[in-house]
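Enquirer: next come a sequence and a model predicted from it.
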Amino acid sequence: MPIMQPIQSIKLKDITSKIGSGATPRGGKNSYKIEGIALIRSLNVYDFSFAYEDLAFIDEKQATQLENVSVERDDILLNITGASVCRCCLVPPNILPARVNQHVSIVRLKPRAADARYVLYAINSPYNKRRLLTIAQGGATREALTKEKIENFEIPLPALSVQQKIAAILSAYDDLIESNLRRIKILEEMAQTIYGEWFVKFRFPGHQRVKMVDSAMGKIPEGWEMKQLGEVIELAYGKGLKEQDRIPGDVPVFGSSGVVGYHNQSLGNGPGIIVGRKGNVGSVHWTDDAFFPIDTVFYVITELPLHYVYFNLRTQNFVSGDAAVPGLNRNQAYSLSFILPKAEILRSFSEIVEPIFHLLKLLQRKNVVLRQTRDVLLPKLISGELDVSELDIKTAESE
């Protein structure tokens, strides 16, 4: 691609018709509904993607009170407070109608002033994201973006046709990532369903010929055993590793929220299971690769098939051991009940779910490569280092 001249920068206020955040309905979380109109919170907004988990809902009356922060198609969602400040994504059309709370700002573009997907990529490009984070962290008391700071934030803005071509190139990667994520979710649900059928409903192959007998947890198949968790697994403590002490590498560092970085040394061999000890207490994570669990988690040591242990731990009712210092008490965890099926049932289960986990691993690694490729192209396209103006690229507007 040819090298192009520097692109003119423009303030967001010059290309937007709305920049503003919402509010939480009176009553806070207790006022949320099971269904209704979506209320978008900062925990739903990630860079490039929207997290549907824990999406809140409000009723028509509550939504009317927040009518001035109605979300529209192609709106950009930007987190403006807290640890997730500056995370940014495009609103998914399938959750509309929707509102935002006070921690999320709507960035709405004027018609034909700019391409929404391009502006999203421009904000999320490494250089601009660093600038935005610096602005957010400039406050005296907390990380925050004010309306004025957002309005005056500048991004490079080429001709609209060029914006659309850049957006088409980058969104092709995001579309593939999203497709893989949907497949991953289906596979995870498939494996979880098999576990539930076999080990919760006891409808495993040949169950019709097996007698049900009494146990401390009610009826279980004959030949299965009731154990305590501590009899069959060890919850080993992770090791402290400060962010500044991590040496660049490809070993995932696990905290209670999942992967929190990378290091050049491992503490456990893959596959492995990690359980949240502090923070996200009782969270359960799977890794295929060697890993480094930090001191906010346990990692599992066991002779049992790991796939069964993983799903069993996900169904356990882990609770914090101390209200003053929230955390998972290992002795309390060890006292939890654990159903131990017959060895041949466990082998059959592993034979079925191992190929599913293999597919999950392949899809997750494909997404890593797609994200890496997108992230390499992103700054080059946004800065104008790569010129796409003369390329014949199909865009949504040209189709």
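Expert: All right, it came through fine.
Enquirer: please enumerate the helices of the stretch 1-150 of the chain.
Expert: 60-65, 116-124, 126-136, 147-151 (DSSP state H, counting those that start in this stretch).
Enquirer: so P326 makes contact with V281?
Expert: Yes: between P326 and V281 there is a contact at 6.3 Å, judged by C-beta atoms under 8 Å. C-betas here are computed from N, CA, C, even on glycine.
Enquirer: what pLDDT does the model give F199?
Expert: If you check F199, the pLDDT there is 96.
Enquirer: how far off centre is stretch 186-195?
Expert: Relative to its chain's centre, stretch 186-195 lies at 19 Å (C-alpha atoms, centre = their mean, to the nearest Å).
Enquirer: begin at 33, not 1, for the rest of this chat.
Expert: Got it, the first residue is 33 from now on, which makes the last one we talked about stretch 218-227.
Enquirer: where does the stretch 83-232 of the chain have low pLDDT?
Expert: Residues of the stretch 83-232 of the chain that meet the criterion pLDDT under 70 lie in 171-174.
Enquirer: let's see 80
Expert: 170-175 (pLDDT under 80).
Enquirer: next one: the stretch 283-431 of the chain
Expert: 351-358, 421-431.
Enquirer: and with 70 instead?
Expert: For the stretch 283-431 of the chain, the ranges with pLDDT under 70 are 352-357, 427-431.
Enquirer: ranges for the helices of it?
Expert: 338-347, 362-366, 375-415.
Enquirer: give me the buried stretch members for the shortest one, please.
Expert: By neighbour count with 16 or more other C-beta atoms under 10 Å, helix 362-366 contains the buried residues 362, 365-366.
Enquirer: the most centrally placed residue in the chain and L391, how far apart?
Expert: The chain has A83 as the residue nearest its centroid, 6.1 Å off, counting by C-alpha atoms, centre = their mean. Using C-beta to C-beta, to the nearest Å, A83 is found at 22 Å from L391.
Enquirer: returning to that earlier point: okay, P358 and V313: which has more neighbours?
Expert: Using other C-beta atoms under 10 Å as the criterion, P358 and V313 rank with V313 on top: 18 against 12.
Enquirer: okay but the more buried one is in contact with N361, surely?
Expert: No: counting by C-beta under 8 Å, no contact exists between V313 and N361, whose distance comes to 9.7 Å.
Enquirer: circling back to that earlier point, among the helices of the stretch 33-182 of the chain, which is nearest A199?
Expert: With C-beta to C-beta as the measure, helix 148-156 is the member of the helices of the stretch 33-182 of the chain nearest A199 (3.7 Å).
Enquirer: tell me what the closest one is packed against?
Expert: strand 108-111, strand 120-122, strand 136-141, helix 158-168, strand 186-188, helix 192-231, helix 375-415 (3 or more C-beta pairs under 8 Å, 6 or more residues apart in numbering; DSSP states H and E).
Enquirer: which one of the ones you listed lies closest to P237?
Expert: Going by C-beta to C-beta, the one of those nearest P237 is helix 375-415, 6.6 Å.
Enquirer: just the angle for the closest one relative to helix 158-168, thanks.
Expert: For helix 375-415 against helix 158-168, the angle by axes from the mean of the first three to the mean of the last three C-alpha atoms, to 10 degrees is 90 degrees.
Enquirer: quick one on the thing from earlier: may I see the helices and strands packed on helix 148-156 organised as CSV, with mean neighbour count added?
Expert: CSV is the format used below for these (neighbours: other C-beta atoms under 10 Å):
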stretch, mean neighbour count
strand 108-111, 25
strand 120-122, 21
strand 136-141, 22
helix 158-168, 16
strand 186-188, 18
helix 192-231, 17
helix 375-415, 15
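Enquirer: want to throw those into JSON lines with distance to S102?
Expert: Shown next, in JSON lines, are those (distance: least, C-beta to C-beta, whole Å):
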{"stretch": "strand 108-111", "distance to S102": "13"}
{"stretch": "strand 120-122", "distance to S102": "16"}
{"stretch": "strand 136-141", "distance to S102": "9"}
{"stretch": "helix 158-168", "distance to S102": "25"}
{"stretch": "strand 186-188", "distance to S102": "25"}
{"stretch": "helix 192-231", "distance to S102": "24"}
{"stretch": "helix 375-415", "distance to S102": "29"}
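Enquirer: closest one to L423 among these?
Expert: helix 192-231 (6.3 Å).
Enquirer: after that closest one, which helix or strand is next?
Expert: On the C-terminal side of helix 192-231, the nearest following helix or strand under DSSP states H and E is strand 244-245.
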